[in-house]
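Trainee: 3D, please:
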Amino acid sequence: MATSQRPPSTGIKVIIVGAGFAGLTAAIECHRKGHEVLVLESFPELKLLGDIISFAPNSGRIFQRWEGVDAKLDPIIHKSGGILYKSWKGEDITRQTWGEEAKKYGKAYNGHRGEIHEIVYEHAKELGIDIRLGHKVLDYFETETEAGVNVNGERFTCDVVLAADGVRSKGRTIVLGYEDKPKSSGYAIYRTWFDSAVLADDPDTAWMVTNGDKHCAWLGPDIHFIAASIKNGQDFSWVCTHKDEADVEESWQAHAPLSDALRVLEGWDPVVQKILKATPDPLIDWKLVYRDPLPTWISPKRRIALIGDAAHPFLPTSIQGASQAMEDGATMAVCLSRSGKAHVQEGVAAFEGLRYERVRAAQKTGEDTRNQWHKADWDEVKKNPESMKLKRDDWLLNFDAEEYAEKNYAATVELLKDPVAVRQLNVPSMTQVAASA
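Mentor: Numbering: from 1, shown residues only. Got it, this is the predicted structure:
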């Protein structure tokens, strides 16, 4: 339930580096809990970049707590009743519907990354949160009594720093004690977003953009192509995940000619070919970053924490990267509230204890789905088409990060005294919490 009420100040000062979804969620949630927040973002201005992004019901309930945000998001989000799966040759495999899932778990929010981000950013500004653009953090530091960052010779200090500055976060170096460079995952994604009018004029593609939003996934050997219309079919987006061993340069600004996608998808369903030929040139070429799971997300003195992609980059096939980033912010806000200013290091440690195993399990879902689609035995798929559906697990979707942190904070602090036990806290107990929610 949305609320604008804010508790008295906790006196805890939090600096958040990065104004993406992880950083803005942490800022809004910390503000809701009475913490003092400063957000530092390197970009001098925020632009409507990107294309489709998905927030599952486990993060949708966070949006719904922010007064007025659901009403602003609703007109711009995807509203199909499900997803149609096809083989790369164009044969129908199966259909997965969302109606029962929405009733059981709540609302999902899928839409244009830039448009959703702008609404969240403006909400944070309306709350009075101090967001400073054009502030590139050059270094992090911490002592037993404070933490902070350096920005172009200016020193900012606080109680806790949250590094939400993505896969190349400078915060990773202080947390790990060494530079951890991202590597190629072996895959990349062509992405695009455009007006659907040209598709509506072709009878072979009109079904994708007329009579409401549509969602379709074509699956083939080591490739999948997912297309969706949005805003009652007005806009159209597609993504194509494919093998790519190039050096990692993850950026929304990297481009590839449309001819590259035509070559990758040569011989695929004629409908896919028509969608490609209607697509404006060039495409976004997004290299998927791979990182081994970090041994820790928190610094030695427990005053700096990595959140979002800085801590745990996700494969898009998990459909959980943005949701888990939001869960990070909601969890950290509760932990600092429960710890109080005198014990923020305990709160930071509890954050990691509450999140670590859940996030690792969620990351695994992305690998499983990609392998399920890319390595399919098509003779077996014909016998069991349901096997190609996305796994929509109760433990993952029927989850309230704020509620879970409140219920399990004290137990986590106790388990922190036993490093083996704390790593075992989340996944088994999550199922029990979800079942009782």
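Trainee: can you list the domains in the protein?
Mentor: Taking automatic domain parsing as the criterion, the chain consists of the domains 13-78+106-182+294-393, 183-290.
Trainee: Could you say which of those is packed most deeply?
Mentor: Ranked by mean neighbour count, the domains of the chain are led by domain 13-78+106-182+294-393 with a mean of 20 (mean count of other Cβ atoms under 10 Å). (C-beta placed from N, C-alpha, C; glycine too.)
Trainee: could you give the mean pLDDT of that one?
Mentor: On average, the pLDDT along domain 13-78+106-182+294-393 is 94.
Trainee: how far does it sit from the chain's center?
Mentor: Distance of domain 13-78+106-182+294-393 from the chain centroid (Cα atoms, centre = their mean, to the nearest Å) equals 7 Å.
Trainee: Could you do stretch 287-304 as well?
Mentor: Distance, stretch centre to chain centre, for stretch 287-304: 16 Å (Cα atoms, centre = their mean).
Trainee: Next: stretch 99-114.
Mentor: 14 Å.
Trainee: Check what contacts that stretch and list those residues.
Mentor: Under the contact criterion Cβ atoms under 8 Å, 6 or more residues apart in numbering, stretch 99-114 has outside partners 47-61, 63-64, 70, 73, 76-78, 81-82, 98, 116, 193, 228, 230, 235, 237, 392, 397-398.
Trainee: average pLDDT for the strand or helix carrying I93?
Mentor: For I93, the element it lies in under DSSP states H and E is strand 92-97. For strand 92-97, the mean per-residue pLDDT is 96.
Trainee: Identify each buried residue in it, please.
Mentor: Residues of strand 92-97 classed as buried: I93, Q96 (neighbour count, 16 or more other Cβ atoms under 10 Å).
Trainee: elements contacting that strand?
Mentor: For strand 92-97, the elements it packs on are strand 82-87, judged by 3 or more Cβ pairs under 8 Å, 6 or more residues apart in numbering; DSSP states H and E.
Trainee: for the strand it packs on, packing partners?
Mentor: Using 3+ Cβ pairs under 8 Å, 6+ apart, strand 82-87 sits against strand 92-97, strand 215-220.
Trainee: List the residues that contact N58.
Mentor: Y105, S323, E327, L396, L397, N398, F399, D400, A401.
Trainee: Please repeat the previous calculation with a cut-off of 10 Å.
Mentor: N58 sits next to 105-106, 108, 320, 323-324, 326-327, 362, 395-401, 434 when contact means Cβ atoms under 10 Å, 6 or more residues apart in numbering.
Trainee: I'd guessed S9 sits against H35; true?
Mentor: Yes - counting by Cβ atoms under 10 Å, S9 touches H35, with 7.8 Å between them.
Trainee: Give the residues shared as contacts by the two.
Mentor: Common neighbours of S9 and H35 (Cβ under 10 Å, 6+ apart) are K341.
Trainee: where along the stretch 201-350 of the chain do the helices fall?
Mentor: Under the criterion DSSP state H, counting those that start in this stretch, the stretch 201-350 of the chain contains helices at 258-264, 270-277, 321-339, 344-374.
Trainee: These: which one's closest to I298?
Mentor: helix 344-374 (5.1 Å; Cβ to Cβ).
Trainee: Quick one: name whatever helix or strand follows the closest one.
Mentor: Next helix or strand after helix 344-374 toward the C-terminus (DSSP H and E): helix 378-383.
Trainee: need the next SSE after that next one, C-terminal direction.
Mentor: helix 394-397.
Trainee: mind listing what's buried in that following helix?
Mentor: W395, L396, L397.
Trainee: where does Y140 fall, helix, sheet strand or coil?
Mentor: On the three-state scheme (DSSP: H, G, I helix; E, B strand; the rest coil), Y140 is labelled strand.
Trainee: What sits closest to it if chain neighbours are left out?
Mentor: Distances taken as Cβ to Cβ, 6 or more residues apart in numbering put I174 closest to Y140, at 4.8 Å, once the chain neighbours are dropped.
Trainee: For the lengthiest strand in the chain, C-alpha coordinates in CSV please.
Mentor: For the chain, the strand with the greatest residue count under DSSP state E is strand 183-195. Taking Å, rounded to 0.1, in the frame of the first residue of the first chain, the C-alpha atoms of strand 183-195 are listed here in CSV:
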residue,chain,number,x,y,z
LYS,A,183,34.7,-10.8,-18.7
SER,A,184,32.6,-11.8,-21.7
SER,A,185,29.9,-14.3,-20.9
GLY,A,186,30.2,-15.6,-24.5
TYR,A,187,26.8,-14.0,-25.4
ALA,A,188,25.5,-10.7,-26.5
ILE,A,189,22.1,-9.2,-27.2
TYR,A,190,20.9,-7.1,-30.2
ARG,A,191,18.2,-4.8,-28.9
THR,A,192,15.8,-2.2,-30.4
TRP,A,193,12.6,-0.2,-29.8
PHE,A,194,10.6,1.5,-32.5
ASP,A,195,7.2,2.6,-33.6
